[in-house]
Each structure stands twice: as C-alpha cells, then as structure tokens.
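Novice: pasting the sequence and the predicted model now:
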Amino acid sequence: MNIIDATASYENWLRTQLEVNELDLDKKHEKMADSPFPFLRATFYRWIERLPKLHPQLLEAPVVCAVGDLHVDNFGTWRDAEGRLVWGINDFDEAYTLPYTLILSHILRCRLHTRLPLGSVLGRKFLCFCRTLQKTGRCSMQTDWAY
C-alpha cells in the first residue's frame, strides 16, 4: 500500500469514528504538501504502519501511554488552574499505548525536518539524545524510512 492508499484508508476509517469536516481535511492536505515537517506530522498512521516492518526490534520495548504524533512543537508552557506556569505536552490528539521506542523514533524523524536551533539548550540536549539512540543501535538514521 502506498501513502495515497494509506491516507485514503485512514481517512475512511476516521469517518467511521467521528464527523469529519471535509473542508478542514482539504486544508490539512494542502498543509501536508507544503513541506516535509507538516507531512510527517500529519501521517503518523503511516509511520505506525511501516515502522514495525522496517524495525521490528522497536516493538520489544516497554509499552507506555504515548502521544503518537509527538514532536518538538507539541511541548509548551501554559498556566494551570492555580496560575502556575507549567511545561509539558500540549497536544494529545493521537494518544495511545505504544512501545516508547516508536515514539522516540518518530521524534527523531520529525527533528530532521524542523528548525530547532542546535545551538540552543534544547537543541543540544536533543542532539545528544539522537546520538545516544544511534549508538545503542535501537534506531538507525541510515535506514530507508521511505513512505
């Protein structure tokens, strides 16, 4: 199945789960075509379909409550009910239980297409994280991640 068929299949399934605003879906398709990052963000369903076939060892990790389409833009700050400034994940639209390695590999994949400054503290920490994953052999950046 190619990405076009996978997208049609996912969107047909989605229509069975909730009411889909077709105009919004058309806008989403336009954003997906803009650049790799919005495309990757919008196609987590394809990632989760393909990755276990490409890297079955990633399925061996412990399962956690995860945000499927997690990427650096999903983190932010806000005020809680008591007015305290908090930081964390602010997008839970694809939350599910998954092996944590699937989420880490998705973050790495999306990082390749973001503009996170590697000179920033967060950028340096992320780069260190990426290098650690590469050294462990749990996630290979040299693999064909084709959709």
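Specialist: Okay, I see it.
Novice: make it CA atoms for all contacts and neighbour counts henceforth
Specialist: OK.
Novice: hey, where'd the strands end up in the protein?
Specialist: 63-67, 75-79, 85-89, 95-99 (DSSP state E).
Novice: can you redo those as CSV with mean neighbour count?
Specialist: Below are the strands of the chain laid out as CSV (neighbours: other C-alpha atoms under 10 Å):
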stretch, mean neighbour count
strand 63-67, 15
strand 75-79, 11
strand 85-89, 12
strand 95-99, 15
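Novice: surely residue 79 and residue 86 touch.
Specialist: Yes. Applying C-alpha atoms under 8 Å as the test, residue 79 and residue 86 come out as touching, 6.1 Å apart.
Novice: if we can go back for a sec, can I get the strands of the chain in a markdown table including mean pLDDT and distance to residue 15?
Specialist: Formatted as a markdown table, these follow (pLDDT from 0 to 100; distance: least, C-alpha to C-alpha, whole Å):
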| stretch | mean pLDDT | distance to residue 15 |
| --- | --- | --- |
| strand 63-67 | 82 | 21 |
| strand 75-79 | 81 | 28 |
| strand 85-89 | 82 | 26 |
| strand 95-99 | 81 | 18 |
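Novice: so can I have TSV of those strands showing distance to residue 51?
Specialist: Formatted as TSV, those follow (distance: least, C-alpha to C-alpha, whole Å):
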stretch	distance to residue 51
strand 63-67	16
strand 75-79	24
strand 85-89	23
strand 95-99	12
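Novice: find the nearest non-adjacent residue to residue 89, please.
Specialist: Once flanking residues are discounted, residue 89 sits nearest to residue 75: 4.5 Å by C-alpha to C-alpha, 6 or more residues apart in numbering.
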